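# Here you go, sequence then predicted model.
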Amino acid sequence: MVAGVLLAPHSRVRVELTDDQAVELGLPPGVGYRVTGALSDQTGTAVELMTTTPMTVPARWLHPPRPDSEAERP
């Protein structure tokens, strides 16, 4: 087994609202609210955030890295 970290870009976000924030939005406090969606800039372009996910996989699943010239080909 090999332990590693998967690094991947995404635009998904999840924000937990505090009771004060819920009240400011006209919602009853004490419920526990979550805002989910996609993060974008003012032009509507998605903002990429990097996430890391620890993972362990069998060594037989791994392949040697490709040279840079091959990695850039579609």
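Structure received.

# Quick check: beta-bridge partners of residue 10?
Applying DSSP bridges to residue 10 gives these bridge partners: residue 49.

# Going by residue numbers, what spans are helices in this protein?
With DSSP state H as the definition, the chain shows helices at residue ranges 19-24, 68-71.

# Quick one: residues in contact with the first one.
Same thing as helix 19-24. For helix 19-24, the external contacting residues (Cβ atoms under 8 Å, 6 or more residues apart in numbering) are 28, 29, 30, 31, 33. Quick note: C-beta positions are derived from backbone N, CA and C, even for glycine.

# Residue 17: which of the residues you listed is nearest?
Nearest to residue 17 among the contacts of helix 19-24: residue 33, at 4.2 Å, using Cβ to Cβ.

# hey, C-alpha coordinates of stretch 35-42 in CSV?
C-alpha atoms of stretch 35-42 as CSV (Å, rounded to 0.1, in the frame of the first residue of the first chain):
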residue,chain,number,x,y,z
VAL,A,35,-24.7,28.0,1.8
THR,A,36,-23.4,25.8,-1.0
GLY,A,37,-22.5,26.6,-4.6
ALA,A,38,-19.8,27.6,-6.9
LEU,A,39,-17.3,30.4,-6.4
SER,A,40,-16.8,32.8,-9.2
ASP,A,41,-15.2,36.2,-9.7
GLN,A,42,-17.1,39.4,-10.7
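
# how far does it sit from the chain's center?
Its chain's C-alpha centre and that of stretch 35-42 lie 12 Å apart, by Cα atoms, centre = their mean, to the nearest Å.

# That stretch - what's its average pLDDT?
Mean pLDDT, computed over stretch 35-42, is 95.

# What are the buried residues along stretch 21-40?
residue 22 (16 or more other Cβ atoms under 10 Å).

# Any idea how far apart the tips of it sit?
Across its full length, stretch 21-40 reaches 21 Å between end residues, using Cα to Cα, to the nearest Å.

# and what of stretch 39-46?
Start-to-end span of stretch 39-46 (Cα to Cα) is 6 Å.
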